[in-house]
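# turn this into a structure:
(3 chains)
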Amino acid sequence: MPELPEVETLRRALLPLVRGQVLQDLKFYRDDLRFPIPQETIRRECLGRPVREISRRGKYLLLHTPNGALLWHLGMSGRIVRHSSGTPREKHTHAVFRFGPDTHLHFVDPRRFGAILWIPREEGHPLIDHLGLDPLSSDLNAKTLKVLARKCKAPIKSFLMDAKRLAGIGNIYACEALFGTPLNPRRRAGRVTLAEWDRLLIALRQTLLRSIESGGTTLRDFFNTDGTPGYYAVSLSVYGKENQPCPNCATPIVRKVQSGRSTFYCRVCQRG
DNA sequence: CTTACCGCCTGTCGGC
DNA sequence: TGCCGACAGGCGGTAA
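Modelled structure (predicted):
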């Protein structure tokens, strides 16, 4: 389940592989993932053109070429695997992008919640136009968050995961950031105080940055382009820890379903 | 406008 | 041992 740190980890791994490199060949093995893949457009616009830069918007990766950007989203089970010539495709490989003899990027996504799309230069795209601020952006502060959450009756956990407000936070990091604050996940977002937003933003950024330093979190599906896992899973405090002792007070961690998703927290530490 | 819920999709796991 | 249902969840769509 690639969230912001995993996508950022991937971005950093891809940069030295493809920046300045020309897309030499392109193969698709499916017509659609979450959305139809505009194969002919991508072929026409990308083949023979160099990747100038790779940027990230929330959980979306954008490979910029002179005339637009290739947009990749990994859904929940997506991976980009680097192979050299002649390596057989593993199951669920839906596309292969070749930048050189030793840089065949295989887009693998068993659950097919991912996306491969094209955004022409100077144009927006509905998937990213309405995304909220990046939690790591310096434009973001406690005051901004408080204003953003004004009148919001949804639980703080749902607020954190709403990409139209903050981009890139999924279930794992929402739970971990709340534990670090510590705030109760069921607290209404509109009633969080400025001082609490301040602590939450600090906890959120610390969690995300530490995870990026560890190469992300690998629970099952996420691996870097060279097949190495992320090591942040060992640092998780509450996510997936139902009935295991809280790292602070040893009270068993509880799991509650919020908006259809599991929330893990400590009912003693997170009373706020 | 808001929030809640469904469905997409496959691999894994627990229960029988 | 194998089958079967539940579950994982990002996110667009839709209902309320």
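
# going forward, measure contacts and count neighbours with C-alpha atoms only.
OK.

# gap between the closest residue to A:H130 other than its chain neighbours and A:A149?
Computed as Cα to Cα, 6 or more residues apart in numbering, the closest residue to A:H130 that is not its neighbour in sequence is A:K164, at 5.9 Å. According to Cα to Cα, to the nearest Å, A:K164 stands 12 Å off from A:A149.

# which of those two has more residues huddled nearby?
A:A149 (21 against 16; other Cα atoms under 10 Å).

# list the contacts of that one.
A:159, A:189-190 (Cα atoms under 8 Å, 6 or more residues apart in numbering).

# among these, who's most crowded?
Counting neighbours by other Cα under 10 Å, A:A189 leads these with 24 neighbours.

# which phi and psi does that one have?
Here is the backbone geometry of A:A189 (degrees, to the nearest 10): phi -60, psi -40.

# what are the boundaries of the helices in the stretch 101-250 of chain A?
Assigned by DSSP state H, counting those that start in this stretch, the stretch 101-250 of chain A shows helices spanning A:126-129, A:142-148, A:156-161, A:171-180, A:194-213.

# circling back: closest one of the contacts of A:A149 to A:E242?
Distance to A:E242 across these (Cα to Cα) is lowest for A:F159, with 22.4 Å.

# for A:G168, which non-adjacent residue is closest in space?
Here the residue nearest A:G168, using Cα to Cα, 6+ apart, is A:G58, at 3.9 Å.

# nearest to DNA strand C: which residue in chain A?
Nearest to DNA strand C, among the residues of chain A, is A:G170, at 3.9 Å (Cα to the nearest atom of the strand).

# look up the pLDDT of the residue lying closest to A:A189 once chain neighbours are set aside for me, please.
Nearest non-adjacent residue to A:A189, counting by Cα to Cα, 6+ apart: A:I156, 4.3 Å away. Looking at A:I156, its pLDDT reads 95.

# who in chain A is up against DNA strand C?
A:1-3, A:58-60, A:73, A:75-76, A:111, A:113, A:127, A:161, A:163, A:168, A:170-172, A:261-262 (Cα under 7 Å from any atom of the strand).

# only the buried subset of those residues, as a ChimeraX command please.
This is how ChimeraX selects the buried members of those, with burial counted by 16 or more other Cα atoms under 10 Å:
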select /A:1,2,3,58,59,60,73,75,76,161,163,168,170,171,172,262
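
# right, so of the helices of the stretch 101-250 of chain A, which gets closest to DNA strand B?
Of all these, helix A:156-161 sits nearest to DNA strand B, with 6.5 Å by Cα to the nearest atom of the strand.

# mind listing residues that contact that closest one?
Residues from elsewhere that reach helix A:156-161 (Cα under 8 Å, 6+ apart): A:149, A:165-171, A:174-175, A:178, A:185-189, A:258-259.

# could you work out the end-to-end span of stretch A:181-192 for me?
12 Å.

# pLDDT (mean, whole number) over it?
pLDDT averaged over stretch A:181-192 gives 94.

# tell me where chain A has strands.
With strands called from DSSP state E, chain A shows them at A:25-28, A:53-57, A:60-65, A:68-73, A:79-83, A:93-100, A:103-108, A:115-120, A:254-258, A:261-265.

# and DNA strand B, which of those is closest to it?
So among the strands of chain A, strand A:254-258 is nearest, using Cα to the nearest atom of the strand, at 6.8 Å.

# ramachandran angles for the nearest residue to A:D134 once chain neighbours are set aside?
Nearest residue to A:D134, sequence neighbours excluded (Cα to Cα, 6+ apart): A:A167, at 5.3 Å. A:A167 adopts backbone torsions of phi -100, psi 130, taken as degrees, to the nearest 10.

# isn't A:A167 right next to A:G132, touching?
Yes. At 5.2 Å, A:A167 counts as touching A:G132 under the criterion of Cα atoms under 8 Å.

# out of the two, which sits in the busier spot?
Taking other Cα under 10 Å, A:A167 and A:G132 do not tie; A:A167 has more neighbours (24 against 17).

# so what's that one up against?
Shown in contact with A:A167 (Cα under 8 Å, 6+ apart): A:57-59, A:131-135, A:161.
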